[in-house]
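Asks: Okay, predicted coordinates and the sequence, questions at the end:
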Amino acid sequence: MRVKPSPATAAIAGVWTATGMAARSFLDEAHFLTGLAGDAISLLFLFLFIFAPVALFVFGRDARPPRLFQPLDSEVWRRFRAALFRGLCWFIAGGATLIALTLARHLWVS
């Protein structure tokens, strides 16, 4: 089964990334991530919540780098604009989720 990247999947990946970042922040404040085990968990969080979602749901598995020193055709520009829009959807959804989680945490702690 191939996942076709779309603005909706990119937005869901943004929510996933923001949730993972919030969990990582909570673990930092609880002093759970210390030493070598903490570094390994940090790398796991980095892969699971940032690299994998962005690679799969924003850029897609079929993403190819442009050919060097050759003129770019309209197909390459179309794919670039679509990937740029999906990246913007990922960023906005992640930012909105982080804002909501921060406000919820602030209200919970206060």
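Replies: That came in fine, so what should we check first? Residues are numbered from 1 along each chain as shown.
Asks: going forward, measure contacts and count neighbours with C-alpha atoms only.
Replies: Fine.
Asks: now the helices for this protein?
Replies: 7-29, 35-46, 52-53, 74-109 (DSSP state H).
Asks: possible to save those helices as a markdown table with distance to Gly60 and mean neighbour count?
Replies: Putting these into a markdown table (distance: least, C-alpha to C-alpha, whole Å; neighbours: other C-alpha atoms under 10 Å) gives the following:
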| stretch | distance to Gly60 | mean neighbour count |
| --- | --- | --- |
| helix 7-29 | 10 | 19 |
| helix 35-46 | 18 | 13 |
| helix 52-53 | 9 | 18 |
| helix 74-109 | 9 | 15 |
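Asks: Can you check which of those helices gets nearest to Phe59?
Replies: Between Phe59 and these, the tightest spacing by C-alpha to C-alpha is seen for helix 74-109, at 5.8 Å.
Asks: just checking, what packs against the closest one?
Replies: helix 7-29 (3 or more C-alpha pairs under 8 Å, 6 or more residues apart in numbering; DSSP states H and E).
Asks: pLDDT (mean, whole number) over the helix it packs on?
Replies: Average pLDDT, helix 7-29: 89.
Asks: Give me the contacts around it.
Replies: 33, 42, 45, 49-50, 53-54, 57-58, 85-87, 89-95, 97-98, 101 (C-alpha atoms under 8 Å, 6 or more residues apart in numbering).
Asks: could the helices of the chain be laid out in JSON lines, adding distance to Arg67?
Replies: Shown next, in JSON lines, are the helices of the chain (distance: least, C-alpha to C-alpha, whole Å):
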{"stretch": "helix 7-29", "distance to Arg67": "25"}
{"stretch": "helix 35-46", "distance to Arg67": "29"}
{"stretch": "helix 52-53", "distance to Arg67": "24"}
{"stretch": "helix 74-109", "distance to Arg67": "10"}
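Asks: Report all helices and strands that the helix or strand bottoming out on mean pLDDT in the chain contacts.
Replies: One helix or strand of the chain scores below all others by mean pLDDT, DSSP states H and E: helix 35-46, with a mean of 83. The contact analysis (3+ C-alpha pairs under 8 Å, 6+ apart) places helix 35-46 against helix 7-29.
Asks: No further questions, thank you.
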